[in-house]
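Give me a model of this one.
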Amino acid sequence: MTETFKEFKEHSVAEFFRKNKHMLGYSGKVRSLTTIVHELVTNSLDACEEAGILPEIKVEIEKLGTDHYKVAVEDNGPGIPLEFIPKVFGKMLAGSKMHRHIQSRGQQGIGAAGVLLFSQITTGKPLKITTSLGDGKIYEVEVKMDVEKNEGKIVSQKVIKGNWRGTRVEGEFKEVSYNRGEYGPFEYLRRISLATPHAKIILKDPYGEVVFDRVVNEIPGKPEEMKPHPYGLTVDELLYIARKTKSKKVSSMLVSELSRVSQRKIKELKNYMLRDLILTKFRDSIFFDKVVRLYLNYNIYSTLKKYKDYLTEDEINYVKTLIKSLPESLEELKDYVLKYLIMDYLFKKLSKDEIENIKNHFKKSPDKFIDWAEKNYLSATTINELNKKLRKIVKDPEEFLKKIKEKKLISEEELKKYEEKVEMILNKDPKNLSWEEAELIVRCLQNMEFKAPPTSGLRPIGAENIEKSLKEMLNPDFVKAITRNPKTYRGGIPFIVEVGLAYGGEAGRPGDEGRKMEIMRFANHVPLLYDASACGITKAVKSINWKRYGLRDDAPVTVFVNLISTFIPYTSAGKQAIACGENENEEIYNEIRHALMICARELEKYLARIRREMEEEKKRKYVLKYGKIFAEALANILNKPVKEIEEKVIKLLEG
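Next up is the predicted model:
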């Protein structure tokens, strides 16, 4: 047995990504170069914006040999203190963003270190960092990474005097290739300038120099750090907060560390915790079924009996197991209750023959049954009404306690003991909070009513700025943009969707047979060039019936979609696709669709007006063509000047 563990070794995160560089976006020659530019440019933009500086960024790409390039990115930002350079560029998962609930382009603390790692494993050379805080000292530093220790090391350093302020990162890379195609650095910078209208970006590449100038001169307001919302809280996260908090009590920790939790909500939480503790007390009692009926607003026992001929025996037994596991199993039980609420609706709506025809569908699992019912029978209004009922599945604590007292199932002495237990949990040192106690708190918080989280940590581009950028870049005949109101997904993570449509001019993707629809995807203002087919944004755009809005498949249209959030649900560490769809983070998916349809309706009006004008012009030309012929014949008959008759005929025909 010991032979098996002779080769057992620990590995650093840097070693992991050295062997799995494709997970960071280094998976092809063009894509790898684009990833390098992306990581360095987004770092520069974030640094400038956090310091309140209008960004001016220079990107230099120089060909040194076959698949061998030098890349330099220089900004006018605040600079980097010398002691932080090894951490910023040489240590994976180190940064100022991952632990904060705030909108930012980067989140994981991998980007800049990933650039150094890729340089090192393809050329063996360090990155050269030139930086200054504007204090008269300019540091020129070369940094390498100790992969085994996941640490950055300064291998050379010098200081020169000067008045410059900013940061320049320069490195050599092999196994990369450059072109100005739709997946390369040029297109990436073109798109990021579109989503960052206040930035000036200068690209110097083997083909010449291009300037993407700023179209607005105001830097957006700095987003504020946000506290976690109760609806998005997990047990593990609550225990993490408990270990880090300075609060002396669990109750004060909840108020100070979470969004929308006040002292009034703590009083309410006590009742919710009391309700759930009492329910747990009766779990092994002969009175448990009776207590469950007092706990739930929905008679689950009666429903199982009512539909026993339509459900599988396994499902009935499993739901009974969930009932026995309440309150811990409440969230899973809700899936089955929603299924039964839909069945109630269908049994009222459909005839007996129709019910028999679809009988086999009732035996599906809740998620598959609900998906089938939504596609075939349920309107959006009906779904909303059923979800409202579902949210009220459990009685309010006051009502539950009142009922359980009326039934004399608990004495005043027992009730007082449970009240004391709740007080003990909320008054204890957060560092001593157990998993079971944290689980109770999280479950109760998520059953309570809270306002949506504040959106002070989000900063959209703005519809007006998107329209300005699209006009400047594409010179379209029509442009419309919209910034939707903030929403939440996964219970409590705030997000905003921004959408723009540009038609005509240089809009659309050029092809052999003219221009076709082009989809520009962004997350926190950052372009997503790769993995389009796996991205929820692409799925949302393609789910729209564009013909309904008067658009052909080959229409010259650019679709702009920007998702903003404190936490972007990427599908992988490469951060090129958004995980959303009809059955995953559907709130994001639906918001994108709604925003697109609003813009599409405006485009439809524009196209209808253009078509009317074209038809009127065609009619006018038709009138002019045949009016002249008719006027000549009539002038001969009346023996009058042709011009005089022609004017009257055309006026008459034009109406």
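
what sits against residue 141?
For residue 141, the contact set (C-beta atoms under 8 Å, 6 or more residues apart in numbering) comprises 82, 85, 128-131, 154, 156-157. Where C-beta positions appear, they are placed from N, C-alpha and C, glycine not excepted.

next one: residue 259
Contacts of residue 259 (C-beta under 8 Å, 6+ apart): 226-230, 453-454, 492.

how close does the residue lying closest to residue 175 once chain neighbours are set aside sit to residue 33?
Leaving aside its sequence neighbours, residue 175 sits nearest to residue 122 (C-beta to C-beta, 6 or more residues apart in numbering; 5.0 Å). As judged by C-beta to C-beta, to the nearest Å, residue 122 and residue 33 stand 11 Å apart.

Please, which helix or strand holds the residue nearest to residue 175?
Assigned by DSSP states H and E, residue 122 belongs to helix 111-123.

cool, and residue 574?
Going by DSSP H and E, residue 574 is not in any helix or strand.

Verify the stated contact: it with residue 534.
No: counting by C-beta atoms under 8 Å, residue 574 does not reach residue 534; the two are 10.4 Å apart.

which one of these two has more residues nearby?
residue 574 (18 against 14; other C-beta atoms under 10 Å).

Only the buried subset of the contacts of residue 141, as a PyMOL command please.
Buried members of the contacts of residue 141, defined by 16 or more other C-beta atoms under 10 Å, are picked up in PyMOL with:
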select buried, resi 82+85+128+129+130+131+154
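
would you list the contacts of residue 141 in CSV and tack on pLDDT and secondary structure?
Formatted as CSV, the contacts of residue 141 follow (pLDDT from 0 to 100; DSSP: H, G, I helix; E, B strand; the rest coil):
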residue, pLDDT, secondary structure
82, 92, helix
85, 90, helix
128, 96, strand
129, 94, strand
130, 96, strand
131, 95, strand
154, 91, strand
156, 93, strand
157, 92, strand
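
And for residue 539, the neighbour number?
Around residue 539 there are 18 residues (other C-beta under 10 Å).

nearest residue to it other than its sequence neighbours?
residue 581 (5.6 Å).

State whether that neighbour is indeed within a strand.
No: counting by DSSP: H, G, I helix; E, B strand; the rest coil, one finds residue 581 to be coil, located in no strand.

hang on, it packs against residue 536?
Yes: at 5.2 Å, residue 581 and residue 536 qualify as touching, with contact defined as C-beta under 8 Å.

Tell me the residues that contact both of these two, please.
Common neighbours of residue 581 and residue 536 (C-beta under 8 Å, 6+ apart) are residue 589.

Please say which of the two ends up with more neighbours.
The neighbour comparison of residue 581 against residue 536 (other C-beta under 10 Å) goes to residue 536, with 24 against 15.

do you know how far the nearest residue to that one once chain neighbours are set aside is from residue 571?
Nearest residue to residue 536, sequence neighbours excluded (C-beta to C-beta, 6+ apart): residue 580, at 3.2 Å. Going from residue 580 to residue 571 by C-beta to C-beta gives 10 Å.

Between the two, which has more neighbouring residues?
With neighbours defined as other C-beta under 10 Å, residue 580 and residue 571 compare such that residue 580 has more, 25 against 16.

Hmm, the more buried one is touching residue 589, no?
Yes: using C-beta under 8 Å, residue 580 is in contact with residue 589, at 4.4 Å.

Now do the shared contacts for those two.
536, 539-540.

Out of the residues you listed, flag the one nearest to residue 257.
residue 536 (31.0 Å; C-beta to C-beta).

quick one: contacts for that closest one?
Applying C-beta under 8 Å, 6+ apart, the residues contacting residue 536 are 577-581, 584-585, 588-589, 592.

Compare these and tell me which is most surrounded.
The contacts of residue 536, ranked by neighbours (other C-beta under 10 Å): first place residue 578, 30 neighbours.

in what helix or strand does residue 559 lie?
Using DSSP H and E, residue 559 falls in strand 557-565.

Contact partners for the most centrally placed residue in the chain?
In the chain, the residue lying closest to the centroid (C-alpha atoms, centre = their mean) is residue 568, at 4.2 Å. Going by C-beta under 8 Å, 6+ apart, residue 568 touches 107, 523-524, 575, 578.

what does residue 611 give?
residue 550.

quick revisit: CA atoms of the strand holding residue 559 as CSV?
C-alpha atoms of strand 557-565 as CSV (Å, rounded to 0.1, in the frame of the first residue of the first chain):
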residue,chain,number,x,y,z
VAL,A,557,-27.1,44.2,-38.3
THR,A,558,-24.8,44.3,-35.3
VAL,A,559,-26.2,43.1,-32.0
PHE,A,560,-24.4,44.4,-28.9
VAL,A,561,-25.0,42.7,-25.6
ASN,A,562,-23.2,43.6,-22.3
LEU,A,563,-23.8,41.7,-19.1
ILE,A,564,-22.8,43.5,-15.9
SER,A,565,-22.6,41.8,-12.5
